[in-house]
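*Asks:* Have a look; sequence and predicted model below, questions after that.
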Amino acid sequence: MKVLFVSPIAAITLLLALPPKLNAAELPGVEMGKSGVQNFIAKLEKGNKAHVAFLGGSITQKPSGHFAMVSEWLQQEWPNVDFKFTNAGLSSTCSVSGAFRLKRDVLSKGQVDLLIVEFAVNDDQDAGYDRKTATRGLEGIIRQYFRSNPKGDVISVQFVNRSMLDKIEAGGEAISAASHKGVARHYGVPIADVGQALASEIRNGRMSWANDYGGAHPTDGGYEFASGLITHIIKKTPLAEIPSPETLPQPLDSGSYSNAVVVDPQSLEWLGGWKWESVSRSLLPLGGIRDQYTAYRALRSDESGSYLYCGFNGTMLGAFILAGPDSGSVEVSVDRGEWKRIQLFHERFSKGLNYPRFVILADDLPRGSHQAAIRVSDSKPEMSEGRAATMLFFGVNR
């Protein structure tokens, strides 16, 4: 059990983070879904063990953020339960990479009774996903989760950045948040929309973006506010006698990444020009390297015309990469079709960092077996210092 200390000040602050007179139905940004998290509550009331996992980007990864605050609150409310908490936050990652990380980083840790998932900010500002891709990412996560534990529960959280808040205040909504909420509603999953709740507080003069929330990476006060929405859902869930299994509806999108499988780069065939080494300065001569990636090995080439060959069975092929200042593009041909160029260099984030990102190499393929050829392109992005491709793993949606 991971023991977390709850200070009286933190507990009081958390209780004060929400308007006290609002109930679940009235609280802006909160939707209870079909029945809140009844299976999770039944598990806590009847059992003596529970596993809660948090999946997301750097907002989740921060150890003192909502991961700690919600975990502390749960231990305070159910002191007789032996909790296990898993933090599967990974900076800069999006919902699609989450679908491919879920098995390794969450489900492999044992049965998960409650999954708290957030990717709306990174799907917006990092990946820039359209509605289809954002839907396919989160739906892939939720379907995989319920297949692993039909008696589990999920809370879908939409954190917020400044541009997302601007859209809400103008009467609109960011594509990523709208897409994720559409998935959550389809599966009857509770929603904690931090942006909608914050916009309401700002309109009513009780909070401000800069002083009370802080930014895309919230201050402690911003995390307390978001954590209060999550714990509110748990508190307002009606009691259930026993957990009942979730029956999955038909998918919103038949191409959702619910059959995501990680492919080891070593299983591919390649012709010259590639290195398979630990992530380090010797492999990546330019740009920052985040500590969490030094545990990986990567397949890398900085020579245009270096080829990889991948045989796979599925409808989608992607790659989780590090895109640094010298990253370029790759070209992909599936089943000897036309070559398609995919830029690896991220124009906002690659200039000083080996930036982690998931790129989709081919999608919406007919179900069945395919052969893909991947080559390092001679084309160099305008702001890049090279043509390199650095692959941590490949992914196939079967």
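*Replies:* It's in. Numbering: from 1, shown residues only.

*Asks:* Return stretch 332-350 as CSV; C-alpha atoms alone will do.
*Replies:* In CSV, the C-alpha atoms belonging to stretch 332-350 read as follows (Å, rounded to 0.1, in the frame of the first residue of the first chain):
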residue,chain,number,x,y,z
VAL,A,332,5.3,5.1,-45.6
SER,A,333,3.9,2.7,-48.2
VAL,A,334,1.4,0.1,-47.2
ASP,A,335,0.9,-3.0,-49.4
ARG,A,336,3.1,-1.3,-52.2
GLY,A,337,0.7,1.6,-52.4
GLU,A,338,1.6,5.3,-52.7
TRP,A,339,4.3,6.7,-50.4
LYS,A,340,2.9,9.1,-47.8
ARG,A,341,5.1,11.5,-45.9
ILE,A,342,4.7,12.0,-42.1
GLN,A,343,6.6,14.8,-40.4
LEU,A,344,8.2,13.7,-37.1
PHE,A,345,9.6,17.2,-36.2
HIS,A,346,7.1,19.1,-34.0
GLU,A,347,7.2,22.7,-34.9
ARG,A,348,6.3,23.9,-31.4
PHE,A,349,8.1,21.5,-29.1
SER,A,350,11.0,19.9,-31.0
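
*Asks:* What is the distance between that stretch and the centre of its chain?
*Replies:* The offset between the C-alpha centroid of stretch 332-350 and the centroid of the whole chain comes to 22 Å, using CA atoms, centre = their mean, to the nearest Å.

*Asks:* Which residues outside it are in contact with it?
*Replies:* Applying CB atoms under 8 Å, 6 or more residues apart in numbering, the contact partners of stretch 332-350 are 92, 126, 287, 317, 321, 323-325, 327-331, 355, 357, 359-362, 365, 370-374, 377, 379, 381, 383-384, 389. C-betas here are computed from N, CA, C, even on glycine.

*Asks:* and the longest helix for this structure?
*Replies:* Among the elements of the chain assigned as helix by DSSP state H, the one spanning the most residues is helix 131-148.

*Asks:* Buried residues, stretch 212-220. List them.
*Replies:* By neighbour count, and taking 16 or more other CB atoms under 10 Å as the criterion, the buried residues in stretch 212-220 are 212-214, 216-218.

*Asks:* Contacts for that stretch next, please.
*Replies:* Residues external to stretch 212-220 that are found in contact with it (CB under 8 Å, 6+ apart): 58-59, 62, 64-65, 121, 125, 159-162, 198, 201, 207, 209, 221-222, 225-226.

*Asks:* Just give me the neighbour total for Ile202.
*Replies:* The burial metric for Ile202, expressed as a neighbour count using other CB atoms under 10 Å, is 17.
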